[in-house]
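Participant: next input, structure requested:
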Amino acid sequence: MPKLLIVEDSKVMASLLRSRIRTTLGYELEVAANFAELTERLRQPEYDFMAALLDLGLPDAAPEQIIDLVIKKRIPAIVFSAEFDPRIQDMAWSKHVVDYVTKEGPQSIEYLLDLLKRIEKNKDLGVLIVDDSVTMRRMMGNLLRVHRYQVFEASQGAEALDILENRPEIVLVITDFNMPVMDGFELTKAIRGLHGKRDVSIIGMSSQQDKKLSTRFIKNGADDFLITPFSIDEFYCRVRHNVEMIEHVRELREASFLDFLTGLRNRRYLFEAGRGMLATAHRDHSEVALAMIDVDFFKKVNDQYGHEAGDLVLQHIGRMLKKRFRQSGIAARLGGEEFCVLAIGMDSQKAYAVFDAFRAQIAASPIQWEDATIAVSVSIGITTQMEDTLDEMLSEADTRLYEAKRGGRNRVVG
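Facilitator: A predicted model of the protein is given here:
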């Protein structure tokens with residue numbers, strides 16, 4: 001669980017922050033009401049704070065002392081000040097704080113909560129800086145590391161493309177325009193030839209004051225443009241906006257692949273990802289098992305207990321499928337009471353044993369619905385015959401599922 005340090009001399013504000021952060025984020029919290037308490041907190045060898053919220057108006061220390069102590073301990077520092085002071089803000093930015101936020105009401109606390117969530121997420125995200133200037137790469141890299149991004153650097157286009165190819169965690173590329181061999185436009189076009197806007201965002205950058213540059217970058221596939229020199233605040237806003245756009249697109253795409261009722265993958269995902277899995281298995285000569293699973297007498301459950309009970313049965317089976325097959329393949333709901341599992345690395349003997357054990361587990365776990373106990377069983381058809389297409393394997397498994405149904409249900413045919 002992430003741990004957050006709050007440096008705040010107002011008991012009311014400290015209590016409010018503690019309540020909102022615990023309720024919303026669930027973080028562990030420690031509070032220091034003055035510089036002496038802050039110093040003591042940071043003497044503890046196990047302090048390990050993911051970030052610190054700093055009120056700079058402590059009675060026993062100057063603002064610079066407070067920031068310096070926290071930054072020295074390599075803790076991301078967020079200034080949360082009662083008033084806006086341009087001189088203190090400039091000093092704070094020069095120390096490489098995460099942000100400078102003023103206490104302007106409930107919206108300021110909401111902004112803080114979003115910022116903390118952003119910092120926690122950033123450790124899994126990569127940003128690639130492409131610039132032939134070592135100074136610019138170092139400057140931007142230092143700013144990004146304050147926000148806990150993974151930072152990658154390239155001095156020219158070919159190197160950038162190679163890094164991008166081997167680092168799937170990269171979600172943002174920041175590229176200068178003026179570079180040798182391949183300029184920023186050419187690099188942007190090359191990236192877009194390999195990665196769409198839902199995968200990687202691109203910010204073009206130049207010191208030239210030509211307004212046509214931004215238009216050319218956007219037309220070549222960039223998502224944003226920065227003129228250097230830029231303010232630190234602007235840099236962070238642009239980076240955050242572009243990263244969050246990528247996340248939003250990915251979340252929408254992920255939602256389109258999920259079955260709302262069970263939380264399993266849906267039919268669309270099975271066909272899109274399954275075809276790729278099958279092609280890889282063909283190439284690597286891997287064994288593949290595909291199982292069709294159908295709930296026995298499901299219509300009787302709906303008729304006798306109602307559709308809510310039927311939904312509960314499907315959710316129960318979905319949870320068990322997710323738990324059992326999450327690591328070994330794709331578990332999907334095809335529709336109605338029908339499910340499918342595509343697993344790599346299973347021969348016919350292993351597949352039969354695994355799915356028969358799953359069938360027995362379902363039969364041994366009835367569903368409690370109000371005052372009733374609903375007995376549930378499934379029939380399963382399996383094929384381990386490597387076919388040319390996913391559709392052919394589905395058809396073969398479906399034939400065997402029909403045999404399981406015709407043979408008395410609650411059984412596996414493989």
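
Participant: quick one, domains of this protein?
Facilitator: With domains defined by automatic domain parsing, the chain comprises 3-108, 123-255, 265-413.

Participant: identify each buried residue in the one helix or strand residue 114 maps to, please.
Facilitator: Using DSSP states H and E, residue 114 falls within helix 106-122. Judged by neighbour count (16 or more other CB atoms under 10 Å), helix 106-122 contains these buried residues: 109, 112, 113, 115, 116, 118, 119, 122. (Each C-beta comes from the backbone N, C-alpha and C, glycine too.)

Participant: list the contacts of it.
Facilitator: 2, 4, 16-17, 20-21, 24-25, 27, 50-51, 53, 76, 78, 80, 98-99, 101-102, 147-149, 240, 243-244, 247 (CB atoms under 8 Å, 6 or more residues apart in numbering).

Participant: of those, which belong to helices?
Facilitator: Judged by DSSP state H, these include 16, 17, 20, 21, 24, 25, 240, 243, 244, 247 as members of helices.

Participant: nearest to residue 332, of the residues you listed?
Facilitator: Distance to residue 332, by CB to CB, is smallest for residue 247 among those, at 24.0 Å.

Participant: per-residue confidence at the closest one?
Facilitator: Predicted confidence (pLDDT) for residue 247: 93.

Participant: that one: neighbour count?
Facilitator: Neighbour count of residue 247, defined by other CB atoms under 10 Å: 15.

Participant: contacting residues for it?
Facilitator: Going by CB under 8 Å, 6+ apart, residue 247 touches 121, 171.

Participant: circling back: and the next helix or strand past the helix holding residue 114?
Facilitator: strand 126-130.

Participant: which other helices and strands contact that following strand?
Facilitator: helix 134-146, strand 150-154, helix 157-166, strand 170-176 (3 or more CB pairs under 8 Å, 6 or more residues apart in numbering; DSSP states H and E).

Participant: got the contact list for that strand?
Facilitator: For strand 126-130, contacts defined as CB under 8 Å, 6+ apart pick out 136-137, 140-141, 144, 149-157, 159-160, 163-164, 167, 169-176, 179, 184, 187, 239, 243.

Participant: that one vs strand 150-154, what angle?
Facilitator: 20 degrees (axes from the mean of the first three to the mean of the last three CA atoms, to 10 degrees).

Participant: partners of strand 126-130, with directions?
Facilitator: Using DSSP bridges, the strands paired with strand 126-130 are strand 150-154 (parallel), strand 170-176 (parallel).

Participant: that one: how far from the chain's middle?
Facilitator: Centroid displacement of strand 126-130 relative to its chain, using CA atoms, centre = their mean, to the nearest Å, is 18 Å.

Participant: mean confidence for that strand?
Facilitator: The model assigns strand 126-130 a mean pLDDT of 98.

Participant: over to stretch 68-85?
Facilitator: Averaged over stretch 68-85, pLDDT sits at 91.

Participant: likewise for stretch 364-375?
Facilitator: The model assigns stretch 364-375 a mean pLDDT of 91.

Participant: quick one: end-to-end length of stretch 94-111, please.
Facilitator: 22 Å (CA to CA, to the nearest Å).

Participant: tell me the buried residues within the contacts of helix 106-122.
Facilitator: The buried subset of these - by 16+ other CB under 10 Å - is 4, 17, 21, 27, 50-51, 53, 76, 78, 80, 98-99, 101, 147-149, 240, 243.
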